[in-house]
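S.K.: sequence below, structure please.
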Amino acid sequence: MFNVERLRALHALAAHGSVALAASALHVTPSGVSQQLAKLERETGHQLLEQHGRGVRLTAAGHVLAKHASEILSRMSEAQSDLDGLSEEILGPLRIGSISTVLRAVVPGALSALHRRHPRLEVTLREGEAEETLPALVRRDLDLAVLESWDRRPAQLPAEVSYRRLCTDTADVALPEQHRLAHRSTVALHELADTPWVSWAAETACHEWLVQTLRSQGFEPRITCNVAGYPTQLELVAANLAGALVPRLARDSVPAGVAIVRTRPVLQRQVLALWRTDSERPAIRACVDALAAVTEQQTLVAPHDHQ
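M.R.: Residues are numbered from 1 along each chain as shown. Sure, this is the predicted structure:
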């Protein structure tokens, strides 16, 4: 009979690609992972790892067993979920990753309500975009991920996850009050071809969405600022340095000097809560319900010509 912790070490190595990263994910030392894998090799009678440069990689036997390990761990998660469902009390750890806009506008209220109802639930929270949190969810480093899926750049969701839509959010264009179109209530995006833009860091999903959206309107955007975080982007707009596409959920306040204008076409995103289908348990359901309740209570600020 194989030792579960040794199978977990093999699964982590297969998922992360190195002993050091596997150890970090499992919160143990690299030597501890190596010892577990050496014992697993003796247990199976097969060589599971081979040297590859300065690290190791799985052998054919290693890949075969890693596949079975993934299935075994998945079934164990299902069993734990079923057992958790027999208990009325919601407790234990819950690891959440969320995009910054939802983390700022929704998550504090949701977690506060969750803590009042379930004081023994131990929540840990980290900020991250989909390109970080979705792989972490699949690897079981997170229990729940909250991310965005833009209509013009939908998120690619793995088959092993389930999701619930929390809300539909709309992005408007933020322009400096001095901009020639700032007085408008609505602006066609192609009219902003000569406007400099502030965007998120290159190679992030938010940046790619902005670039693809503006290219679809017939021009190559001139991005002069790359900044993570909509509040900072709005300050750069207020300083008359650039325009920005900002979701309404991200606009808890708009600095003086910024005009918020509706766009044509309308730009929308779905905000989703995701979890592994085989790991659904009462704590996850309770958290998703709390997030949905707070999101429904949010009054998304409708854009005005000047705010």
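S.K.: low-confidence ranges in this structure?
M.R.: By pLDDT under 70, the low-scoring segments of the chain are 1, 81-89, 299-307.
S.K.: break down it into its strands, ranges please.
M.R.: Using DSSP state E, the strands of the chain run over 49-52, 55-58, 92-98, 121-127, 144-150, 161-176, 186-188, 196-199, 222-226, 244-247, 258-264, 267-276.
S.K.: can you list the ones you listed in a markdown table and add mean neighbour count and distance to A110?
M.R.: No exception for glycine: its C-beta is placed from N, CA and C like everyone else's. As requested, these are exported to a markdown table (neighbours: other CB atoms under 10 Å; distance: least, CB to CB, whole Å):
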| stretch | mean neighbour count | distance to A110 |
| --- | --- | --- |
| strand 49-52 | 12 | 43 |
| strand 55-58 | 16 | 40 |
| strand 92-98 | 20 | 10 |
| strand 121-127 | 15 | 10 |
| strand 144-150 | 24 | 10 |
| strand 161-176 | 20 | 10 |
| strand 186-188 | 16 | 33 |
| strand 196-199 | 21 | 28 |
| strand 222-226 | 14 | 30 |
| strand 244-247 | 24 | 18 |
| strand 258-264 | 21 | 26 |
| strand 267-276 | 22 | 10 |
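S.K.: for H11, find the nearest of those strands.
M.R.: Smallest distance to H11 across the strands of the chain (CB to CB): 10.9 Å, for strand 55-58.
S.K.: tell me the helices and strands packed up against the closest one.
M.R.: helix 4-16, strand 49-52 (3 or more CB pairs under 8 Å, 6 or more residues apart in numbering; DSSP states H and E).
S.K.: nearest to R269, of those?
M.R.: With CB to CB as the measure, helix 4-16 is the member of the helices and strands packed on strand 55-58 nearest R269 (28.5 Å).
S.K.: output the contacting helices and strands for the closest one.
M.R.: Secondary-structure packing of helix 4-16 (3+ CB pairs under 8 Å, 6+ apart): helix 19-26, helix 30-44, strand 55-58, helix 60-85.
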